[in-house]
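Engineer: Generate coordinates for the sequence data below:
(2 chains, ligands or ions: 2)
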Amino acid sequence: MLLRIHNLQAGIEEKEILKGINLEIQPGEVHAIMGPNGSGKSTLASVLAGRQDYNVTGGSVTFNGKDLLELSPEARAAEGLFLSFQYPVEIPGLSTTNFIKTAVNEVRKYRGEEPLDAVAFLKMMKEKMALMEMDQAMLSRSLNEGFSGGEKKRNEIFQMAMLQPKLAILDETDSGLDIDAIRIVANGVNKLRSKDNAVLVITHYQRLLDYLVPDVIHVLYNGRIVKTGTKELALELEEKGYDFIKNEVNSL
Amino acid sequence: MNQTDYLKARFEQLQQEEPGGNLAAVRSKAFSAFERMGIPTVRNEEWKYTRISGLFNKEYTLAADIAALSSNDLTTYQLPAHEEANVLVFVNGIFAEQHSVIRSAGISIQLLELAAKNEYAPIVAAHFDHSSSYVNDGINALNTALLHGGIFVHVAKNKVIEHPVYIYHISDARNTPVLAQPRSLVYLSENTQLQLAETYITIGGSGSFTNQVMEVVVEKDAQLSYYKIQNDSADASQVNTTHIRQTGTSVVNVVTISLNGGIVRNNLHAVMEASHAEAHLYGLYFQQGNSHIDNHTVVDNVVPHCQSNELYKGILDNNATGVFNGKIFVRKDAQKTNAFQSNKNVLLSDAASVNTKPQLEIYADDVKCSHGCTVGSLDEEGLFYLQSRGIPYKAAIALLLQGFAMDILEKIRLEPIRAYVTELIAQRLTAESI
Ligand SMILES: Nc1ncnc2c1ncn2[C@@H]1O[C@H](COP(=O)(O)OP(=O)(O)O)[C@@H](O)[C@H]1O
Ligand SMILES: [Mg+2]
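Structural biologist: Ligands and ions are numbered 1, 2, ... in the order given. Down below sits the predicted model:
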């Protein structure tokens, strides 16, 4: 088991947002989480990545055999968890190159590995840049500053490709992207996939799922996973909207 | 003898020993001004947040003799690429010719007292003490009143001075507290280029107070780059007045980096007296402990079509305090002025604080002036973003702050100096215990 979320409850200040999430992901799998806005999808992603604003009030998360909730955000990343942010943050004065080099080497340090030498780093960066169809100029600019929505999302997947996580959580990475950008993002994600790692993709749209072909689809509504199914569930949701789920849940 | 009597005795002695031509009269006028106004207190609006009067409870010694310092004492403090630079050394505020080196043709250096009497007399008469009309306090007057061992730097017409000029201010406080009052007048003739880098070092533990006045004249088609690095010890305080007159259409680029010191007050003035002149004033302060940094800037647009750009950024930690006061004057005739000003601050502790105030006085109607200031804490979103990529908390903070400082550091176009300052900041950030 790569990730095991058991009865996870979390909120912010007095507000209860996640009300008992259960989810298990095996290496090699692709899971999708869908669900109406405000359901708690980003909260789940943030709690997994270690954002301190949220209070975990109950439940447990095991990642790769470790108690994830005990780890700092940086340790989670070094253990192989990656979150592609729904809203990537702009960092003035820090180039993407400098940033990702620091990140790669800090993760290596955590694992007791030597830092990558300049040649190896450049080679890897060139390769991932080509994969994400990004150019050097973009990587020399301040991280995400003045980037278009699509550029920011491509940059997220570029970072993922550089860090080669065991579990990539993509929070609406496809939202606001045109079809070319979605293809590039999906390509990047598919390149990462192997029998050892997994992807958890949060999305509203079938288009990205066409590329990624999820094994399991979950519907998150009002802080709970209310439905789990195969990839056909996504098609049904796309056709009928979220209302039928809401009605089902509310009539219980 | 109390401090006032001591200063007065020194003034009278200098008047007798070094009349210095016309300078005697200027000195005399300045001493009256000092006696009238005294050391500024917080009742003076311009000194509201910066309390220097307490510093004068110490019994300072004004240097008369500077022989005690050996060249060996100095080597430890050299800036990078020192060997290729023109070097001017002041010891306890007095120009030390024996430690100074001029390599470039086109620059000449001499004591102000001499320049006031030789072929440069008209320049000295026209520009010396021009700063006093922009600062209304006794501390500026005190520097002028006790003028001794100041220098006149002349850059000859059409000379591009390739080697930068490094200016070292050494306070030798090994035996007594030192009051240093360096004074200089720098004249860039038409079509010249000059790069200055300046630094302050206090040796010994008795403490120092530096009261510097630097006046600069920039003629037509001249370019001045001026990098000031303030990274002295916690018991070294200073009032640092840099008064720049752009008498011709010229470009001035000043970067003030303040990393340490007791109480540091900078007055930086760009007086734009020729159309299409450009002034770029940048500052970066990163203060810890109980240090205090005060940047007072004045951009005076006297004529039309001048452009100024001002960006000051600050990081304050522990109990450090900061002040930014940015005056922009646009005189009645200065139509089409384009003046930009911004001050951004990050406070790293609850006890740190900053007072920031833009002060625009605009008497022309067709101008573009903008100003803004921000005071905030570290960007939590950014911090989490970096951490989520595996970068540890402390390193993430360092990257964020380095990023914050970056656009100022980039303005240092003298590569060894930029690398030096960048490294000082990186070291500070690694040592930082946030
Ligand atoms: N930082 C926050 N502060 C206050 N409320 C929040 C915060 N983050 C999320 N919420 C609330 O929690 C609920 C779930 O939000 P979110 O996880 O962003 O949903 P989703 O990603 O599914 O659209 C919403 O009602 C939202 O307003
Ligand atoms: Mg969301």
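
Engineer: Right, and ligand 1 sits closest to which residue of the stretch 101-250 of chain A?
Structural biologist: Residue nearest to ligand 1 within the stretch 101-250 of chain A: A:L220 (6.6 Å; Cβ to the nearest ligand atom). Quick note: C-beta positions are derived from backbone N, CA and C, even for glycine.

Engineer: For that residue, which residues are in contact?
Structural biologist: A:I21, A:I33, A:M34, A:G35, A:S39, A:G40, A:K41, A:L44, A:V226 (Cβ atoms under 8 Å, 6 or more residues apart in numbering or on different chains).

Engineer: close to ligand 1, is the lowest-mean-pLDDT helix or strand in chain A?
Structural biologist: Using mean pLDDT, DSSP states H and E, helix A:243-250 stands out as the lowest-scoring helix or strand of chain A, at a mean of 85. No. For helix A:243-250, no contact with ligand 1 is found by Cβ under 6 Å from any ligand atom; the gap never falls below 13.2 Å.

Engineer: Summarise which helices and strands that helix is packed against.
Structural biologist: In this structure, helix A:243-250 packs against strand A:216-221, strand A:224-229, with contacts taken as 3 or more Cβ pairs under 8 Å, 6 or more residues apart in numbering or on different chains; DSSP states H and E.

Engineer: Ranking those strands by mean neighbour count, which comes first?
Structural biologist: Counting by mean count of other Cβ atoms under 10 Å in any protein chain shown, strand A:216-221 has the highest mean neighbour count of these, with a mean of 22.

Engineer: so how far is that one off the chain centroid?
Structural biologist: 15 Å (Cα atoms, centre = their mean, to the nearest Å).

Engineer: Pull up the pairing partners for that strand, direction included.
Structural biologist: Strand A:216-221 pairs in its sheet with strand A:30-34 (parallel), strand A:224-229 (antiparallel), by DSSP bridges.

Engineer: What average pLDDT does that strand get?
Structural biologist: Taken as a whole, strand A:216-221 has a mean pLDDT of 97.

Engineer: That strand relative to helix A:243-250, how many degrees between them?
Structural biologist: If you take axes from the mean of the first three to the mean of the last three Cα atoms, to 10 degrees, strand A:216-221 sits at 70 degrees to helix A:243-250.

Engineer: Any idea which residue is closest to the centre of the chain?
Structural biologist: I'll assume chain A. A:I169 (1.9 Å; Cα atoms, centre = their mean).

Engineer: where does chain A have low pLDDT?
Structural biologist: For chain A, the stretches flagged by pLDDT under 70 are A:252.

Engineer: Give me the neighbour count for whichever residue of it sits closest to ligand 2.
Structural biologist: Going by Cβ to the ion, ligand 2 is nearest to A:S42 of chain A, at 3.1 Å. Neighbours of A:S42 under the rule other Cβ atoms under 10 Å in any protein chain shown: 19.

Engineer: With B:R10 instead?
Structural biologist: B:R10 has 16 neighbours, counted by other Cβ under 10 Å.

Engineer: ok but it is inside a helix, no?
Structural biologist: Yes. Per DSSP: H, G, I helix; E, B strand; the rest coil, B:R10 lies within a helix segment.

Engineer: Contacts only, for it.
Structural biologist: Per Cβ under 8 Å, 6+ apart, neighbours of B:R10: B:L62, B:L146.

Engineer: Check the gap between it and B:V254 for me.
Structural biologist: Separation of B:R10 from B:V254 (Cβ to Cβ, to the nearest Å): 31 Å.

Engineer: For chain A, list the residues in contact with chain B, please.
Structural biologist: Applying Cβ under 8 Å from any Cβ of the partner chain, we find that chain A lies next to chain B at A:49-52, A:72-74, A:76-78, A:82-83, A:85, A:88-94, A:98-100, A:102-104, A:106-107, A:110, A:142, A:159, A:163.

Engineer: Can you select the buried ones from these in PyMOL?
Structural biologist: In PyMOL, this line selects whichever of the residues of chain A next to chain B come out buried by 16 or more other Cβ atoms under 10 Å in any protein chain shown:
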select buried, chain A and resi 49+50+51+73+74+76+77+78+82+83+85+88+89+90+91+92+93+94+98+99+100+102+103+104+106+107+142+159+163
